[in-house]
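> Predicted model, plus sequence, below.
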Amino acid sequence: MASLQASNFVLSSSSKQIHAAISVPKLPSIRLSVPKVPTRVLSDELNTRDGFINTIPVEKNVTRTTLVQESSSVSMATVQLYAILEAVADRVEMHSNIGEQRENWNTLLLNSINMITLTAATMAGVTATGGAGVSILGLKLASTLLFSAATGMLVMMNKIQPSQLVEEQRNATRLFKQLQSQIQTLLAIGSPSKGDVKDAMEKVLALDKAYPLPLLGVMLEKFPESLEPAVWWPKNQSPKTNKSQETKHFNRKVDNNGWTEELETEMREIVEVIKRKDSEDYERLGNKALKINKVLAKSGPLLTGIAALGSAFMGSSNGPWAAIVAAVAGALASAVNTFEHGGQVGMVFEMYRNNTGFFKLVQESIESNLDENDVEKRENGELLEMKVALQLGRSLSRLRDLAKKSSYSRIEGSPIDEFASKLF
């Protein structure tokens with residue numbers, strides 16, 4: 001009995017100890033003070049707290065949104081230039097393919113018309129001999145139809161001038177390849193801007209206007225009143241500063257964007273040589289080629305028309321003479337057609353027109369820089385001098401010698417005996 005009481009005492013005491021051991025005391029309440037959200041920018045708070053000196057200026061206008069917009073605009077300009085580059089590459093392929101097609105037109109039409117004309121002339125000659133057993137009626141009808149067909153084909157061929165069309169496509173292909181290289185260089189050397197995209201678009205549209213592909217409606221005039229230089233570059237719409245020749249003082253100790261008084265004088269003399277020699281000479285030759293082409297284009301159909309009338313009167317009282325006229329006119333028409341389209345007179349005229357446009361472009365590029373009074377807004381003078389020298393096929397020393405010769409000839413009043421270009 002005593003042992004049971006002792007055990008109960010031990011159990012009760014141990015349960016109290018366990019209860020005391022697992023009881024968790026209450027934690028004291030802790031007050032947490034949350035700071036107020038600052039109403040000003042963190043940089044302003046740091047710069048004004050506890051006498052902190054503001055040594056780092058904060059630009060209020062430069063924000064993250066502005067930077068993102070600028071970076072996105074640059075990347076968009078690059079994407080747009082790549083899109084223009086793809087269009088230019090497509091134009092190159094297009095003009096090249098169409099040029100080959102039109103060259104085939106020139107060859108096939110020339111050979112076909114000559115074969116038709118010579119066949120009809122042969123029939124007329126056989127009729128003129130008055131051979132026995134020859135069916136005059138059959139030869140008469142056949143030669144008349146052939147001469148009439150040759151007349152219609154010649155009118156069409158002389159209207160479109162396939163050789164001139166081929167030269168247009170050659171020039172367009174070359175100029176689009178040049179523009180393609182310029183865009184590739186722009187993408188390679190730096191980040192393009194929206195202005196570069198606009199300039200590239202204007203150049204593409206100007207080339208499309210200068211060298212159209214369709215034959216109907218927008219085809220270039222093949223027989224204008226006089227030669228007009230080809231223009232394949234956009235007109236400069238930017239307003240110029242005062243174009244009066246005010247005196248510019250160049251500081252020799254400071255880089256004036258590559259320009260000096262000597263370089264300005266040199267460029268002005270080069271422009272004068274281009275005007276007085278190259279442009280004038282090519283305009284004269286181009287107008288001569290135009291006149292020759294006009295005469296040949298009218299003579300061919302006229303001769304085949306006369307041959308068709310002569311062949312129609314074969315078999316009458318004046319049959320032998322009509323047959324002779326038809327045969328001779330047909331032979332002359334074949335010779336004229338061969339000289340015009342085989343000699344590619346239209347292509348020669350287009351070549352002169354394009355070369356005259358080239359000299360006009362060089363002249364305008366120099367004058368646009370000289371008209372700008374602010375030298376910082378000009379193209380770099382040394383770079384422009386090198387470009388002009390390469391375009392004219394000269395070295396820098398020979399370009400400067402040409403400018404000196406031009407100056408001396410103007411002072412002495414004697415004409416200069418040298419052309420600016422060594423390429424054409």
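Good, I have the coordinates.

> was I right about residue 383 contacting residue 257?
No - applying Cβ atoms under 8 Å as the test, residue 383 and residue 257 come out as separate, 9.6 Å apart. Heads up, the C-betas are built off the backbone N, CA and C, glycines and all.

> More neighbours: those two, which one.
Of the pair residue 383 and residue 257, residue 257 is the one with more neighbours under other Cβ atoms under 10 Å, namely 17 against 11.

> so residue 223, which of the three states?
Secondary structure state of residue 223, per DSSP: H, G, I helix; E, B strand; the rest coil, is coil.

> next one: residue 414
Using three-state DSSP, the three-state assignment for residue 414 comes out as coil.

> got a list of contacts for stretch 286-305?
The contact list for stretch 286-305 (Cβ atoms under 8 Å, 6 or more residues apart in numbering) reads 117, 147, 150-151, 154-155, 158, 161, 223-224, 226-227, 329-330, 332-333, 336-337, 339-340, 345-346, 348-349, 352-353, 356.

> Make a ChimeraX selection of the buried ones in the residues you listed.
Command for ChimeraX that selects the buried part of those, burial taken from 16 or more other Cβ atoms under 10 Å:
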select :117,147,150,151,154,158,161,227,329,330,332,333,336,337,340,345,346,348,349,352,353,356
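
> Flag every buried residue along stretch 211-228.
In stretch 211-228, counting by 16+ other Cβ under 10 Å, buried: 211, 220, 222, 227.

> Including distance to residue 298, could those go into TSV?
Listed next are those as TSV, based on distance: Cβ to Cβ, whole Å:
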residue	distance to residue 298
211	26
220	19
222	13
227	19
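
> just those residues now: which is nearest residue 203?
residue 211 (12.5 Å; Cβ to Cβ).

> name the element the closest residue to that closest one other than its chain neighbours belongs to?
Distance criterion Cβ to Cβ, 6 or more residues apart in numbering; nearest residue to residue 211, sequence neighbours excluded, is residue 172 at 3.7 Å. If you go by DSSP states H and E, residue 172 is part of helix 162-189.

> Report all helices and strands that that helix contacts.
Secondary-structure packing of helix 162-189 (3 or more Cβ pairs under 8 Å, 6 or more residues apart in numbering; DSSP states H and E): helix 64-129, helix 194-210, helix 345-370.

> tell me what the shortest one is packed against?
I take that to be helix 194-210. helix 64-129, helix 162-189.

> how about these, which one is nearest residue 376?
Closest approach to residue 376 among the helices and strands packed on helix 194-210 is made by helix 162-189 (20.4 Å; Cβ to Cβ).

> now the closest one, how far from the chain's geometric center?
On the basis of Cα atoms, centre = their mean, to the nearest Å, helix 162-189 sits 6 Å off its chain's mean C-alpha point.

> Identify the residue nearest residue 210 in space, chain neighbours excluded?
Residue 210 sits nearest to residue 232 (Cβ to Cβ, 6+ apart), 3.8 Å away.

> I meant residue 360, not that one.
Residue 360 sits nearest to residue 229 (Cβ to Cβ, 6+ apart), 4.7 Å away.

> Got phi/psi on the one you found?
phi -60, psi 140 (degrees, to the nearest 10).

> and it, what is it in contact with?
By Cβ under 8 Å, 6+ apart, the residues touching residue 229 are 279, 283, 353, 356-357, 359-360.

> cool, and residue 267?
366, 369-370, 384-385, 388, 403.

> and if you look at residue 344?
106, 163.

> let's go with 6 Å and repeat that
By Cβ atoms under 6 Å, 6 or more residues apart in numbering, residue 344 lies in contact with residue 163.

> so how far is residue 402 from it?
Distance, residue 344 to residue 402, using Cβ to Cβ, to the nearest Å: 32 Å.

> now swap in residue 368 and tell me
21 Å.
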